[in-house]
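Enquirer: Sequence and predicted structure below; questions after.
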Amino acid sequence: MSKNKDKSKKPKKIRPEVLKGFRDYPPSDEIARQKMVAVFRSVFESFGFSPLQTPSLEKIETLKGADYGADNLATIFSFVGPEKVDMALRFELTASLARYVAGNGELTLPFRRYQIGPVWRVDKPGPGRFREFTQFDIDSVGTESMLADAEIMAAISKSFDKLGIENYKIKYSNRKILNGLAKMIGIPDDKAPDVFRVIDKLDKQGIEAVKLELGPGRTDKSGDKIPGLGLDENHITHIVNFLSLEVDPEKNALQFISSVVARKMSDDPDRSASFELFSALNSSEDGREELKSGYDELIEINNYLKNLGVPDEKAQIDLTIVRGLGYYTGPVFETILTDLPDYGSVFAGGRYDGLVERFTGKKIPAVGASAGVDRLLAALIKMGKIKADPTVSQVLVTVMDKEQTSEYISILNEIRDAGIKAEIFLGQTKSFTKQMKYADRVGIPVAVILGSDEIENKTVTIKNLIAGGEQAKDVADREEWLKAENIQVTISRSEMITNLKTLLSKIENL
RNA sequence: GCCGGGGUAGCUCAGCUUGGUUAGAGCGCCUGAUUGUGGAUCAGGAGGCCGGCGGUUCAAUUCCGCCCCUCGGUACCA
């Protein structure tokens, strides 16, 4: 009863909760993330991409196009602004890039930029999926050259190398190939994007699921019904036949396509698997042209990649790659981590020619790629490629005697000026034990200790907390542990900086 | 959107089936043993709108309904 009384007197507390689908990034996450981003930044800059930053909020037409409808807006955070302007948080970075290019007519093309920033979507949060997340984009706008596409792929490859990831693969293809095939077997134009969307699931769901979704639909593991596209049996067989040429996708499928382009069935190494498909490919000359163009581009990119020094095992042609998005028009590619196939594609993109046209009416060709920073980081941490330090602080200057504060500060200044990240203990307690505990908990690896002894003798004591922590494992008795310390040295002040630097570099390399 | 698990202390969870005294445990946290040294140990302590609203009841953390949130699967992903 008395408890209840107390409660009613208390002011209502605010629950410290974040919004659904949002989250905090504690220092350890953010430190790791910044390390990773620094690598991408430096590689892309070495390729001559410059940073661009655009607003988080845009006019809604910028993001959705002029004909935005109510159901289209379901997954975008939209508002009516103070001046009654419809606006929304960006859900990706490309639309803003297109707006930027279109709105700056004096911009010299090709324009090549990278951009990193948060984007927002009103999705249902799922595993590794949030309403606010960070994307990393690179794009080259205003160039038709396939070298632009190859360069983006090469930059991705370089970045992954530099991050120490050995097992990744950039798989690439060209939309025009499947587009052409679709035309040639008579799939209506308006169905083609849906077909691609389904084919895109091949990796995750397998050929049988794709087959069913092209046709009558299927029921997934949870018992939910997934509607199919309702293509007729004939079309499905042709598509599946083509996708099944993937035994050695680079060779068989490519040769098959070149034989289609040349209209010579005899060039096809796998007649039995593709004869049926081949014989169906007679209906559309348009389709054949598109197929040929896609094939040529693919080969061109393949050559450029060789020139750029991307090894074959890192970048491979895979004709089953289509990408789900509708706006891709030519080359498409995605990067997977072969050790972590569950993470899906972690850096992907392709050529899109229509995005700037929305604003200017002029077609400006562009190619770009986008990475989900958070997912990639999760993968890196899982693979042990990035260390998640709990703090950036490297040195704690402990406070033994408040009377000596100015002395401590001058030591602190000296350490900081030497480029070492350092802090002085700012807590309330006088207990020295607490200060060591603080350093330990926060994860500061080194303590600099100055008591009356040190000050009198113009020395400092430097303690390696990492090594101390290791030693604690073997010692059960407190007295023994305290005495066993050969993990700290007392040296003259003039030697302090050199000593700290060697110690810290030793700790870094652990 | 659909299917399923869950929401009780800072964290991980027990209790709920069968409503009823003071809602527990482990870990963590705070204080001290130990004001010049982190771990371990020991002693003491703080910390709960039992997710929210409504219903049934003399009585609800417990039963019922709705909602919210969360986790996993699936769909969507411009």
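Expert: Done, it's in.

Enquirer: can you give me the strands for the stretch 151-300 of chain A?
Expert: Using DSSP state E, counting those that start in this stretch, the strands of the stretch 151-300 of chain A run over A:168-174, A:217-219, A:225-227.

Enquirer: nearest to RNA strand B, of these?
Expert: strand A:225-227 (4.6 Å; C-beta to the nearest atom of the strand). For every residue, glycine as well, the C-beta is placed using N, CA and C.

Enquirer: pLDDT below threshold where in chain A?
Expert: A:1-14, A:65-74, A:219-225, A:245-252, A:263-283, A:475-476, A:479, A:481-486, A:510 (pLDDT under 70).

Enquirer: Spatially nearest residue to A:Phe434 (excluding sequence neighbours)?
Expert: Just so we're on the same page, residue A:434 is Lys rather than Phe. The shortest distance from A:Lys434 to any residue other than its chain neighbours is 6.6 Å, reached at A:Gly427 (C-beta to C-beta, 6 or more residues apart in numbering).

Enquirer: er, A:Leu243 actually
Expert: Here the residue nearest A:Leu243, using C-beta to C-beta, 6+ apart, is A:Thr320, at 5.5 Å.

Enquirer: Now the phi/psi pair for A:Val332, please.
Expert: For A:Val332, the backbone dihedrals are phi -130, psi 150 (criterion: degrees, to the nearest 10).

Enquirer: Which secondary structure element is home to A:Arg112?
Expert: strand A:111-120 (DSSP states H and E).

Enquirer: Could you tell me the end-to-end distance of stretch A:487-506?
Expert: Terminal residues of stretch A:487-506 are spaced 13 Å apart (C-alpha to C-alpha, to the nearest Å).

Enquirer: hmm, that stretch touching RNA strand B?
Expert: Yes: contact of stretch A:487-506 with RNA strand B (C-beta under 7 Å from any atom of the strand) involves A:Ile487, A:Gln488.

Enquirer: need the strands of the stretch 151-300 of chain A in CSV with mean neighbour count and distance to A:Gly443, can you?
Expert: Formatted as CSV, the strands of the stretch 151-300 of chain A follow (neighbours: other C-beta atoms under 10 Å; distance: least, C-beta to C-beta, whole Å):
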stretch, mean neighbour count, distance to A:Gly443
strand A:168-174, 24, 30
strand A:217-219, 13, 49
strand A:225-227, 11, 47
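
Enquirer: Now distance to RNA strand B too, for the ones you listed, in a markdown table please.
Expert: Output for the strands of the stretch 151-300 of chain A, formatted as a markdown table (distance: least, C-beta to the nearest atom of the strand, whole Å):
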| stretch | distance to RNA strand B |
| --- | --- |
| strand A:168-174 | 16 |
| strand A:217-219 | 8 |
| strand A:225-227 | 5 |
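
Enquirer: Quick one: closest of those to A:Asn303.
Expert: strand A:168-174 (12.9 Å; C-beta to C-beta).

Enquirer: partners of that closest one, with directions?
Expert: Strand pairing for strand A:168-174, determined by DSSP bridges: strand A:315-317 (parallel), strand A:331-337 (antiparallel).

Enquirer: among the ones you listed, which is the most enclosed?
Expert: strand A:331-337 (a mean of 25; mean count of other C-beta atoms under 10 Å).

Enquirer: So which residues on the stretch 301-450 of chain A come close to RNA strand B?
Expert: Counting by C-beta under 7 Å from any atom of the strand, the stretch 301-450 of chain A sits next to RNA strand B at A:324-327, A:400, A:429-434, A:436-437, A:439-441, A:447, A:449.

Enquirer: which residues are contacting the helix or strand hosting A:Ile409?
Expert: For A:Ile409, the host element (DSSP H and E) is helix A:405-417. In this structure, residues lying in contact with helix A:405-417 by C-beta atoms under 8 Å, 6 or more residues apart in numbering are A:395, A:397, A:399, A:422-424, A:448, A:450, A:455, A:460, A:493, A:496-497, A:500.

Enquirer: just stretch A:174-181 next, same as before
Expert: For stretch A:174-181, using C-beta under 8 Å, 6+ apart, the contacting residues are A:192, A:195-196, A:199, A:238, A:242, A:257, A:281, A:286-295, A:297-298, A:319, A:322-323, A:328-332, A:350-351.

Enquirer: one more time with 6 Å, if that's ok
Expert: A:Gly287, A:Glu290, A:Leu291, A:Ser293, A:Gly294, A:Glu297, A:Leu298, A:Val322, A:Tyr328, A:Gly330, A:Pro331, A:Val332 (C-beta atoms under 6 Å, 6 or more residues apart in numbering).

Enquirer: what residues are up against the fourth one?
Expert: Taking C-beta under 6 Å, 6+ apart as the definition of contact, the neighbours of A:Ser293 are A:Lys176.

Enquirer: How many residues are close by A:Asp137?
Expert: 21 (other C-beta atoms under 10 Å).

Enquirer: helix/strand/coil for it?
Expert: strand (DSSP: H, G, I helix; E, B strand; the rest coil).

Enquirer: Can you tell me how far it is from RNA strand B?
Expert: A:Asp137 is 13 Å from RNA strand B, where distance means C-beta to the nearest atom of the strand, to the nearest Å.

Enquirer: In contact with that residue, which residues?
Expert: With C-beta under 6 Å, 6+ apart, A:Asp137 has these contacts: A:Leu93, A:Gln115, A:Ser370.

Enquirer: does the last one sit in a helix, a strand or a coil?
Expert: Think A:Ser370. strand.

Enquirer: got JSON lines for the contacts of A:Asp137, with neighbour count and distance to A:Glu407 too?
Expert: Below are the contacts of A:Asp137 laid out as JSON lines (neighbours: other C-beta atoms under 10 Å; distance: C-beta to C-beta, whole Å):
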{"residue": "A:Leu93", "neighbour count": "25", "distance to A:Glu407": "51"}
{"residue": "A:Gln115", "neighbour count": "22", "distance to A:Glu407": "47"}
{"residue": "A:Ser370", "neighbour count": "19", "distance to A:Glu407": "53"}
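
Enquirer: quick check, nearest of those to RNA strand B?
Expert: Of those, the one sitting nearest to RNA strand B (C-beta to the nearest atom of the strand) turns out to be A:Ser370, at 8.9 Å.

Enquirer: OK, contacts around that closest one?
Expert: A:Gln135, A:Asp137, A:Gly349.

Enquirer: switch to 10 Å and redo it
Expert: A:92-94, A:115, A:119, A:135-139, A:347-350 (C-beta atoms under 10 Å, 6 or more residues apart in numbering).

Enquirer: next one: A:Val442
Expert: Contacts of A:Val442 by C-beta under 10 Å, 6+ apart are A:Pro27, A:Pro390, A:Thr391, A:Ser393, A:Leu396, A:Glu423.

Enquirer: Out of the contacts of stretch A:174-181, which end up buried?
Expert: Using 16 or more other C-beta atoms under 10 Å as the burial test, the contacts of stretch A:174-181 include A:Gly287, A:Glu290, A:Leu291, A:Ser293, A:Gly294, A:Glu297, A:Leu298, A:Val322, A:Tyr328, A:Gly330, A:Pro331, A:Val332 as buried.

Enquirer: State the three-state secondary structure for the closest residue to RNA strand B within the stretch 351-500 of chain A.
Expert: Residue nearest to RNA strand B within the stretch 351-500 of chain A: A:Gly468 (1.8 Å; C-beta to the nearest atom of the strand). Three-state call for A:Gly468 (three-state DSSP): helix.

Enquirer: mind listing what A:Thr461 touches?
Expert: A:Thr398, A:Ala447, A:Val448, A:Ile449, A:Leu450, A:Gly451, A:Asp453, A:Glu454, A:Gln488, A:Val489, A:Thr490, A:Ile491.
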